[in-house]
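> show me the folded form of this:
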Amino acid sequence: MTPSDRADSARKQQLLELAYAHVLDHGLADMSLRPLAEAIGSSPRVLLFLFGSKDALVQALLARARQDETGMLEAVHRARPEDGLARTGELVWSWLADPGHRKVLTLWVEGYSRSLGGGAGPWAGFAERTIADWLEVFAAAQPPARRDTPEGLAERTLLLSVLRGALLDLLASRDEQRTTAAVTAHLRTLESPADDASAERGGPGDRSAGRTDRAARTVAAPPSAVYAALLDRASLETWLPPDGMSGRIERWDPRPGGGFRMVLTYLDTHPGTSLDPADGPGKTSGATDVVDVRFAALVPSERVVQQAVFESDDPSYAGTMTMTWHLAAADGGTQVTVTATDVPPGIERADHEAGIASSLAHLASYLETGP
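Presented below is the predicted three-dimensional model:
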């Protein structure tokens, strides 16, 4: 390759990334070369020289979108596919439901729907390749004895259909809580009786390990105000504790790599009685949960990623749980979506999601009515 060829290749890749960022915001349906070239600091002539034609550029953009999708599927494939189809479906849905992926998924749906028309255009084969990609990952998650049976093929095809349908619903409605509940209901049907029995014993088939819980709420405040409330010590002490608890922050370092230590105390809800520490529901003691939180990522007005470790002698609460707070501008304020991954098995899903929803309700009240 000559220096000139290398320069052209580098420029082509640079323009492809710029064009990809543009179509994520504007779609491919009405794309024309002149406005696109102006938006990315190029010219139609340069784009035609590097890509050959508009159709070839569209094909390159679809391939770039598919690269993001296959990257996700490869990561899922590496994440212990032997854990089974339900766990694999949970990991895929966690990626699909992430608000940070809405743009690429909207573009993916556009490419998928256009390819259904057939023909030899730039969209040809996109849907078929996508189906093959997904089914391959799901097949790897099935036991070998089931993988090559008609029942195994039907099982993974149904999972693909459920996830794809839920994704279309989510993109249209933005209702992550409802669509996640529907996906979760289907994933539970994929757990075998042996898995369930092992889970009851706390054995390796326990699907609570590595579990993902979610809750979402629209808050009548701009993303900047929500982000500020996530990084203010006094604010967190006010709204973060769920119903029935109070909170106190003992250590505070609001920066990436920093974090805080919070003591959550269960409130005595029955006047005239006291909570017996021996019988209380706390993870650290009968009346308290103590959690150390590290700020893994802070993206102003967009995302806060926390890694939480509970102080407890009970191994069912061991491990690091990641809490991701996604903020997205929405009609009337900010859509706040909380995704908890690798939830310790000692934490009941229903209780945990109710607790997150309670904290979100307190956050909304705090921001909408003032401290």
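> which residues sit against stretch 159-167?
Around stretch 159-167, the neighbours that count as contacts under CB atoms under 8 Å, 6 or more residues apart in numbering are 85, 89, 92-93, 96, 105, 109, 131, 134-135, 138, 179, 182-183, 186, 190. (Glycine included, C-beta is placed from N, CA and C.)
> tell me the two of those residues that are most distant?
Largest separation among the contacts of stretch 159-167 by CB to CB: Val109 and Leu190, giving 24.6 Å.
> give the contact list for Phe295.
253-259, 304-306.
> wait, is Ala308 part of a helix?
No: remark: Ala308 does not belong to a helix; assigned using DSSP: H, G, I helix; E, B strand; the rest coil, it is strand.
> since we're on it, how many residues are nearby?
Burial of Ala308 is recorded as 19 neighbouring residues (other CB atoms under 10 Å).
> who's it bridged to?
Val293, Met321 (DSSP bridges).
> surely it meets Val290?
No: assessed by CB atoms under 8 Å, Ala308 is found out of contact with Val290, at 10.8 Å.
> ok, back up a step: which of Val109 and Leu190 has more neighbours?
Neighbour totals were compared for Val109 and Leu190, and Leu190 leads with 21 against 15 (other CB under 10 Å).
> surely the more buried one is in contact with Arg87?
No: Leu190 is not in contact with Arg87 according to CB under 8 Å; the separation is 9.1 Å.
> my read is Ile345 is in a helix, agree?
Actually, residue 345 is Pro rather than Ile. No: according to three-state DSSP, the state of Pro345 is coil, so it is not within a helix.
> coming back round to it: now, of the contacts of stretch 159-167, which are buried?
Members of those that pass the buried threshold by neighbour count (16 or more other CB atoms under 10 Å) are listed as 85, 89, 92-93, 96, 105, 134, 138, 179, 183, 186, 190.
> could you pull out the helices in this protein for me?
3-26, 33-39, 44-51, 54-78, 85-97, 102-115, 126-140, 144-147, 150-173, 176-189, 193-200, 223-230, 233-239, 349-369 (DSSP state H).
> nearest to Val263, of the ones you listed?
Shortest distance between Val263 and the helices of the chain, using CB to CB, is found for helix 233-239: 10.1 Å.
> before we move on, back to that, would JSON lines of the contacts of Phe295 with neighbour count and distance to Leu33 be doable?
Formatted as JSON lines, those follow (neighbours: other CB atoms under 10 Å; distance: CB to CB, whole Å):
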{"residue": "Asp253", "neighbour count": "11", "distance to Leu33": "50"}
{"residue": "Pro254", "neighbour count": "15", "distance to Leu33": "46"}
{"residue": "Arg255", "neighbour count": "9", "distance to Leu33": "44"}
{"residue": "Pro256", "neighbour count": "12", "distance to Leu33": "41"}
{"residue": "Gly257", "neighbour count": "10", "distance to Leu33": "45"}
{"residue": "Gly258", "neighbour count": "13", "distance to Leu33": "47"}
{"residue": "Gly259", "neighbour count": "20", "distance to Leu33": "49"}
{"residue": "Val304", "neighbour count": "21", "distance to Leu33": "40"}
{"residue": "Val305", "neighbour count": "17", "distance to Leu33": "39"}
{"residue": "Gln306", "neighbour count": "21", "distance to Leu33": "44"}
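> phi first, then psi, for the residue nearest to the spatial centre of the chain.
Note on the chain: the residue nearest the mean C-alpha position is Asp98, at 3.1 Å, using CA atoms, centre = their mean. Note on Asp98: backbone dihedrals following degrees, to the nearest 10 are phi -60, psi 120.
> again with Ala141
Backbone phi and psi, for Ala141 under degrees, to the nearest 10, turn out to be phi -90, psi -10.
> can you get me a residue count around it?
Applying other CB under 10 Å, we find 25 residues neighbouring Ala141.
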